[in-house]
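Q: Here is a sequence with its predicted model. Questions after.
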Amino acid sequence: MTLKNTITDLPDYMAKMGRNAARAAKALRLSSGKSRAEAIASMARSIRAQSSAILDANALDMKDGKTKGLSPAMLDRLALTPQRIDNIVNSLDDIAALPDPVGLEDAHYAPPNGLKIARVRVPIGVIGIIYESRPNVTADAGALCVKSGNAAILRAGSESLRSAMALHKAMTAGLKKVDLPETCVQLVATTDRDAVGHLLTGLGGKVDLVIPRGGKSLVARVQKEARIPVLAHLEGICHSYVHGDADIDKARAIVLNAKMRRTGICGATETLLIDASIAPKVLPLIAQDLREAGCELRGCARSRKLVPQMNAATDEDWITEYLDAILAVKVVDNIDGALAHIDAFGSGHTDAIITENEAAAAKFIAGVDSAIAVHNASTQFADGGEFGFGAEIGIATGRLHARGPVGAAQLTTYKYAVRGNGQIRPL
């Protein structure tokens, strides 16, 4: 069942991939929004037509994953089903239908000299995306890059490579049916870890940006070794904070969904914070909901006094992205205590407050330094599709270029188009 590496000259293979991507990026930069949308729609149709082959490939990945002892959460991230294939196809159709971000004029200037200046969105160029176990990233990332006029070089994790290759084959078949190079979206077809190193060098200046989407060790390696700009997708140490003025039924439903809807996604809540004023009444109910759903609770001393069945939390629990049915629980004195905890232990991803107090909600949203701040909703809405982006490449937790869900519009940069009528600058 083990995949064999068949590439004998990896440096040459990667260098050729870089050259092909650069040529494809030029073609995309000159293409129309209509042709890029048609390309994505064609990829979607091809994925649907080849769904049986994709599911067969995924079954082999799943068998290997179970043999290797992947956790249930990791297996859930890896698994494809007919419904998930439908979701991938629908996501690509949504991306195809989005407004074209390329060429959009998002600012205008009219200085006294009579020049007309516009800030215009343009593609970044060639984007390398390194990701782990979620096969759908192959389709989402490829489609978002094409939509935004960028060529993509995709490097999937070894545990999902068969699935990624099957999806990529379908996408390539879709690209062949439209007037765009099939090298617009390339996949590194090897499990050789050295391929990542080559990609991080920029392939001789051909790669403009690299995006890692995966665990802490992957992101740390990319940030350490990259010789090109990195748009980082860091851990999702997300918090749900139940404020003293929360609606109890609303709080119970939101926390349960935020943790247990899908435990293996980056928007899953990993720590529950709850005000001391409401904890005696509400925490036992929330704990009961979670424990009945199969969630292990690890609480602070104050939490365990209210729910003795909890295991004791350690310092490590506050900084752990479980991606599993485990939740850390802490009782805080007030909103300032919640904000202080998030500031100390959060990852800047997504944090939510549950309250009927609008002033408290406003204070939380202003005070929490995260890419996504949520009021009275599940942290699992931290998703580009839910934001209307069609899909996302990841949730950017940095502060430069893009922050939050990275969709097609976030994969563009800009240039200034200056139009004159014979103006010259005086001495």
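A: Here it is on my side, so go on. Numbering: from 1, shown residues only.

Q: and the one helix or strand His341 maps to, what other elements does it pack with?
A: Assigned by DSSP states H and E, His341 falls within helix 335-345. Counting contacts by 3 or more Cβ pairs under 8 Å, 6 or more residues apart in numbering; DSSP states H and E, helix 335-345 is packed against strand 238-242, strand 269-275, strand 326-332, strand 350-354, helix 358-367. Placement of C-beta: from N, CA and C, glycine included.

Q: need these in JSON lines with mean pLDDT and mean neighbour count, can you?
A: Listed next are the helices and strands packed on helix 335-345 as JSON lines, based on pLDDT from 0 to 100; neighbours: other Cβ atoms under 10 Å:
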{"stretch": "strand 238-242", "mean pLDDT": "98", "mean neighbour count": "29"}
{"stretch": "strand 269-275", "mean pLDDT": "98", "mean neighbour count": "27"}
{"stretch": "strand 326-332", "mean pLDDT": "98", "mean neighbour count": "24"}
{"stretch": "strand 350-354", "mean pLDDT": "98", "mean neighbour count": "30"}
{"stretch": "helix 358-367", "mean pLDDT": "98", "mean neighbour count": "16"}
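
Q: what's the neighbour count on Asn87?
A: Using other Cβ atoms under 10 Å, Asn87 has 16 other residues around it.

Q: thinking again about what came up before, average pLDDT for the helix holding His341?
A: Across helix 335-345, pLDDT averages out at 98.

Q: Let me know the angle separating that helix from strand 350-354.
A: 170 degrees (axes from the mean of the first three to the mean of the last three Cα atoms, to 10 degrees).

Q: Which helix or which strand is home to Val210?
A: strand 209-213.

Q: Distance of the nearest residue to Pro229 once chain neighbours are set aside relative to Asn87?
A: Leaving aside its chain neighbours, Pro229 sits nearest to Leu209 (5.2 Å; criterion: Cβ to Cβ, 6 or more residues apart in numbering). As for Leu209, its distance to Asn87 is 27 Å (criterion: Cβ to Cβ, to the nearest Å).

Q: what does Asp100 give?
A: Taking Cβ to Cβ, one finds Asp100 at 24 Å from Asn87.

Q: Tell me the secondary structure at Ile129.
A: What DSSP: H, G, I helix; E, B strand; the rest coil gives for Ile129 is strand.

Q: which non-adjacent residue is nearest Ala373?
A: Ile365 (4.3 Å).

Q: ok, now how distant is that neighbour from Leu104?
A: 28 Å.

Q: ok, now Lys34?
A: Counting by Cβ to Cβ, the gap from Lys34 to Leu104 is 15 Å.

Q: ok, those two, which is more surrounded?
A: Leu104 (16 against 9).

Q: picking up where we left off before, got the buried residues for the helix holding His341?
A: 335, 337-339, 341-342, 345 (16 or more other Cβ atoms under 10 Å).

Q: again with stretch 176-187
A: Of the residues in stretch 176-187, 178, 180-187 count as buried by neighbour count, 16+ other Cβ under 10 Å.

Q: would you list every one of the strands in the stretch 101-250 of the chain?
A: 105-109, 116-123, 126-131, 151-155, 185-187, 209-213, 238-242 (DSSP state E, counting those that start in this stretch).
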